[in-house]
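S.K.: Show me the folded form of this:
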Amino acid sequence: MQDDWLLIQQVQKGNRDAYAHLVDKYKERLYSYLYRMTGQQQDAQDLTQEAFIKAYCQLDKYKPTDAFLAWLYRIASNLCIDAWRKNKHYAKTPLEETRLIESDTPEKAYLEKEKQDTLQQQIMALGEEYRVVFLLKYLEQMSYKEISEILHVPVTTVQMRIHHAKKKLRASIAQEMSGGAAIYEMLQN
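M.R.: Numbers count the residues shown, from 1 in each chain. Take a look at the predicted model:
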C-alpha cells in the first residue's frame, strides 16, 4: 500500500511511468476478475482498460488510507455493473475453463470438467449483486470488509449476499446435476 501511494504521488507530479508500474502490478488480477464477471475475453480486456483509464483520471479522488487495489476493484465493479445494465448478454454466458484439470484418467478429467462447467454456468446465472460478492469472496479471496469497501455496502449486506448466492447455487446445482454432491459439499463450507 505504501509503495502504491508513492507511485501515485509520482503520477500526480507528472511521472506517467509510475502509473505504468501500477498497471503492470495489477492488470492480471483485474483482468482475471473482470473475465470471471463477464465471461468474455474482449469485454474483460475493454473493461480492464476502461478501469485503468478511469482510475488515472480520478487519482485526485484516491484516498491513501484505502488500498489502491480495493479502489481499483471498486471502479472495475462499477464499470462492469454499468455494462451489465446496458448489455444483458453477460448473465448467461458460460466461462471458459480457467484452470487446468489434473487427473489420473480421462474419465476423471471429464467429470471434473463437467463439475467446473456446471459451477461456472451457475455462477454466471446469478444476479449481478450475488455474482459480484461471490467472485470477490471465493475467487479473489477477499475479506468481507474488503468487499464492503469496494461495493460501498455494509459488511452485513456482503455476508447476506454471499449466503444467498451460496443458497441459490446449491439449489440450482442440485437441480442441474443428478445429486451434484461434490459441488454441493464445497458450497456447504
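
S.K.: Show me what stretch 49-57 is in contact with.
M.R.: Applying Cβ atoms under 8 Å, 6 or more residues apart in numbering, the contact partners of stretch 49-57 are 11, 19, 23, 27, 30, 34, 62, 71-72, 75-76, 79. The way it works is simple: take the backbone N, C-alpha and C, and place the C-beta from them, glycine included.

S.K.: Okay, buried residues for that stretch please.
M.R.: 50-52, 55 (16 or more other Cβ atoms under 10 Å).

S.K.: where does this protein dip in pLDDT?
M.R.: 1-2, 88-104, 177-189 (pLDDT under 70).

S.K.: which strands and helices sit next to the host helix or strand of E129?
M.R.: Element membership for E129 (DSSP states H and E) is helix 128-134. Other helices and strands packing on helix 128-134, by 3 or more Cβ pairs under 8 Å, 6 or more residues apart in numbering; DSSP states H and E, are helix 68-86, helix 106-125, helix 144-151, helix 155-176.

S.K.: how about JSON lines for the ones you listed, with mean neighbour count and distance to G39 added?
M.R.: Shown next, in JSON lines, are those (neighbours: other Cβ atoms under 10 Å; distance: least, Cβ to Cβ, whole Å):
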{"stretch": "helix 68-86", "mean neighbour count": "19", "distance to G39": "11"}
{"stretch": "helix 106-125", "mean neighbour count": "16", "distance to G39": "6"}
{"stretch": "helix 144-151", "mean neighbour count": "20", "distance to G39": "20"}
{"stretch": "helix 155-176", "mean neighbour count": "17", "distance to G39": "16"}
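
S.K.: Any idea which of these gets closest to F134?
M.R.: In terms of Cβ to Cβ, the element of these nearest to F134 is helix 155-176, at 4.3 Å.

S.K.: This structure - how does it break down into domains?
M.R.: The record's domain parsing of the chain by automatic domain parsing lists 1-93, 100-189.

S.K.: Distance of R131 relative to A174?
M.R.: Distance, R131 to A174, by Cβ to Cβ, to the nearest Å: 19 Å.

S.K.: got it, and E128?
M.R.: Taking Cβ to Cβ, one finds E128 at 23 Å from A174.

S.K.: what sits against D66?
M.R.: D66 sits in contact with E149, where contact means Cβ under 8 Å, 6+ apart.

S.K.: Three-state assignment for it, please.
M.R.: coil (DSSP: H, G, I helix; E, B strand; the rest coil).

S.K.: hang on, the earlier thing: looking at the contacts of stretch 49-57, which one is closest to R170?
M.R.: Nearest member of those to R170, counting by Cβ to Cβ, is L34, at 26.0 Å.
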